[in-house]
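Visitor: Below: sequence and its predicted model.
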Amino acid sequence: MSMSKGSIRERKRSKVLLIVEGKDEKEEFFKYIRDAFPTINIKDEDIWVYHTNIHSLYSKLMKYDDEIFSDIDVDLPFILSMDTEKEKQYKINYKDIYLIFDYDIQDNKFDYNHILKMQKLFNDSTDNGKLYINYPMLESYFHFKTSSDEEYMDLIVSNPKTVYSKNYKYQVSQYSEIHKYFNLKPKLKDYLVKTNVKMNEDFDEIIDSVLECTEEKELNKTLEELKIEEYCGELIAKNIKGYIKNKILKDSIHIESNISYFKLLNILFQKICLYNIKKAYKIQFDLETENMKEGYSKLNLIEILNKQNEVSNQEENSFLWVLNTSLFLISDYNSDLINWEIESK
C-alpha cells in the first residue's frame with residue numbers, strides 16, 4: 001500500500017510539525033523551549049498530542065498497513081489525521097516532522113524489535129519524520145543536580161522495567177536543583193490564577209514583564225508599575241507583588257546573574273543539550289568527544305537505541321542510560337541556536 005497520497009508532489013516547505021506523546025510535552029516542555037529560543041517557529045496548531053505512547057503508535061501503524069515498515073514512503077500526518085474531524089493533512093505540507101516519545105519499557109506492549117523498527121522508519125525529519133526517544137522518559141531533561149553536573153555522564157536507572165512515570169517524575173524533581181528554574185513561570189501563573197483577581201491584562205504578559213527584568217531595581221520598578229490594586233485593593237495587590245518578587249529571588253538565579261529569566265532558560269537548555277550530546281556520543285562509541293559539533297554530526301539514534309536495548313535487556317543488572325534526545329531538536333532545527341563551546345564554561 002502506498003503511504004503517501006501526495007508524495008509525487010513537491011513538498012510545501014513552510015511549516016514544521018511536532019508530534020508528541022502527551023500534553024506535558026506541549027504544555028510544559030515545548031513552552032520552555034520556545035521561551036528559551038523564540039526563533040523556533042512551531043505554532044500550537046502544529047503540535048499534535050498523540051495522547052498515548054510509542055507502542056500504541058506502532059500498533060496503529062500496523063493496523064493501517066501490516067507492511068508499513070517495509071515501505072520507504074510513509075505519510076504519518078495523513079495516517080494520524082484520518083481519525084480526526086479536521087481537514088486531512090499530508091507530509092508535503094511540512095518542511096520537517098519531529099516525533100517525541102518515551103522509551104516506556106515498562107509498558108506491556110513494549111517490544112525491542114518494534115521500537116527499533118520505529119526508530120529506523122522515522123529517521124529523517126525532511127521525509128517520514130525524525131523520532132526522538134527519551135530514556136526513560138521526557139523528564140530526563142532536568143535530571144541534573146546543577147547545570148554543570150558531570151555525574152550526569154554516568155547517570156543510569158536500574159531495573160528500568162520497574163520505573164513508572166509518577167515515581168520517576170517525583171524522583172527527578174527531588175534530585176534536581178534546576179527543576180525550580182523551569183517551574184518558575186508556571187508556578188507564578190498558577191498563583192495568579194488562584195488569587196481569583198480579574199485583571200484586564202493577560203497573566204502571561206504580566207509574568208513575562210517581570211521575568212524580563214535583569215536586576216532587582218528593575219524588578220521593583222516593573223512590579224510598582226503593575227496597577228493590580230485597581231482590581232483588588234492595595235493590601236491584596238501588595239501581597240501579590242510581594243509573592244512574585246520573593247518567588248523570583250528565591251527560585252531563580254537570573255537576577256543575581258544580571259540576566260533575564262528567558263536568557264537563563266536559554267543557557268540552561270544549551271548546556272543540557274550539549275551534556276546529552278556528549279553522553280549520547282559516549283553511549284554510541286564508548287568514547288568521549290571534545291569537539292561537540294563534530295561529535296553530534298556522528299550520532300546515530302538507531303545505534304544509540306541498540307545500545308539502550310542491549311543494556312536494558314540484560315538478565316542481571318539491567319539498566320538504562322538516562323538520556324534526553326528530544327533536546328536534539330534544537331540543533332536540528334537550527335544548529336546556530338547552540339553555542340557549541342558553552343558546555344565547558
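Guide: Perfect, I can see it now.
Visitor: If you average the pLDDT over stretch 108-125, what comes out?
Guide: Stretch 108-125 shows a mean pLDDT of 97.
Visitor: who's in contact with residue 88?
Guide: 78, 81, 82 (C-beta atoms under 8 Å, 6 or more residues apart in numbering). Where C-beta positions appear, they are placed from N, C-alpha and C, glycine not excepted.
Visitor: Turn the residues you listed into a markdown table, including secondary structure and distance to residue 146.
Guide: Formatted as a markdown table, those follow (DSSP: H, G, I helix; E, B strand; the rest coil; distance: C-beta to C-beta, whole Å):
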| residue | secondary structure | distance to residue 146 |
| --- | --- | --- |
| 78 | helix | 44 |
| 81 | helix | 43 |
| 82 | coil | 46 |
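Visitor: Only whichever of the residues you listed are buried, select them in ChimeraX.
Guide: To isolate the buried subset of those in ChimeraX, counting by 16 or more other C-beta atoms under 10 Å, use the following:
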select :78,81
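Visitor: what pLDDT, on average, does stretch 241-252 get?
Guide: Rounded mean pLDDT across stretch 241-252 is 96.
Visitor: same check, this time on stretch 142-161
Guide: The average pLDDT for stretch 142-161 rounds to 92.
Visitor: Flag every buried residue along that stretch.
Guide: Quick answer for stretch 142-161 (16+ other C-beta under 10 Å): 142, 143, 144, 147, 149, 152, 155, 157, 160.
Visitor: Stretch 250-266 too?
Guide: Neighbour counts using 16+ other C-beta under 10 Å place 252, 254, 255, 259, 260, 261, 262, 264, 265, 266 of stretch 250-266 among the buried residues.
Visitor: end-to-end on it?
Guide: With C-alpha to C-alpha, to the nearest Å as the measure, stretch 250-266 spans 20 Å from end to end.
Visitor: ok, residues contacting it?
Guide: Contacts of stretch 250-266 (C-beta under 8 Å, 6+ apart): 32, 35-38, 180-185, 187, 211-216, 219, 248-249, 267.
Visitor: before we move on, back to that, please convert the buried residues of stretch 250-266 to a markdown table, extending it with secondary structure.
Guide: As requested, the buried residues of stretch 250-266 are arranged in a markdown table below (DSSP: H, G, I helix; E, B strand; the rest coil):
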| residue | secondary structure |
| --- | --- |
| 252 | coil |
| 254 | coil |
| 255 | coil |
| 259 | coil |
| 260 | coil |
| 261 | helix |
| 262 | helix |
| 264 | helix |
| 265 | helix |
| 266 | helix |
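Visitor: In the residues you listed, find the pair that's most separated.
Guide: Distance extremes for the buried residues of stretch 250-266: the farthest pair is 255 and 266 at 15.8 Å, using C-beta to C-beta.
Visitor: picking that back up, and the buried residues of stretch 142-161, which is closest to residue 327?
Guide: Nearest member of the buried residues of stretch 142-161 to residue 327, counting by C-beta to C-beta, is residue 142, at 10.8 Å.
Visitor: Could you measure from the closest one over to residue 324?
Guide: Counting by C-beta to C-beta, to the nearest Å, the separation of residue 142 from residue 324 is 9 Å.
Visitor: what is in contact with these two at once?
Guide: Counting by C-beta under 8 Å, 6+ apart, the contacts common to residue 142 and residue 324 are residue 272.
Visitor: neighbours around the closest residue to residue 29 other than its chain neighbours, how many?
Guide: Of all residues not flanking residue 29 in the chain, residue 138 sits nearest, at 6.1 Å (C-beta to C-beta, 6 or more residues apart in numbering). Look at residue 138: counted by other C-beta atoms under 10 Å, it has 23 neighbours.
Visitor: One more: residue 43?
Guide: Count around residue 43 with other C-beta under 10 Å applied: 10.
Visitor: And the one 3 residues further on, by the same measure?
Guide: Other residues lying near residue 46 total 17 when counted by other C-beta under 10 Å.
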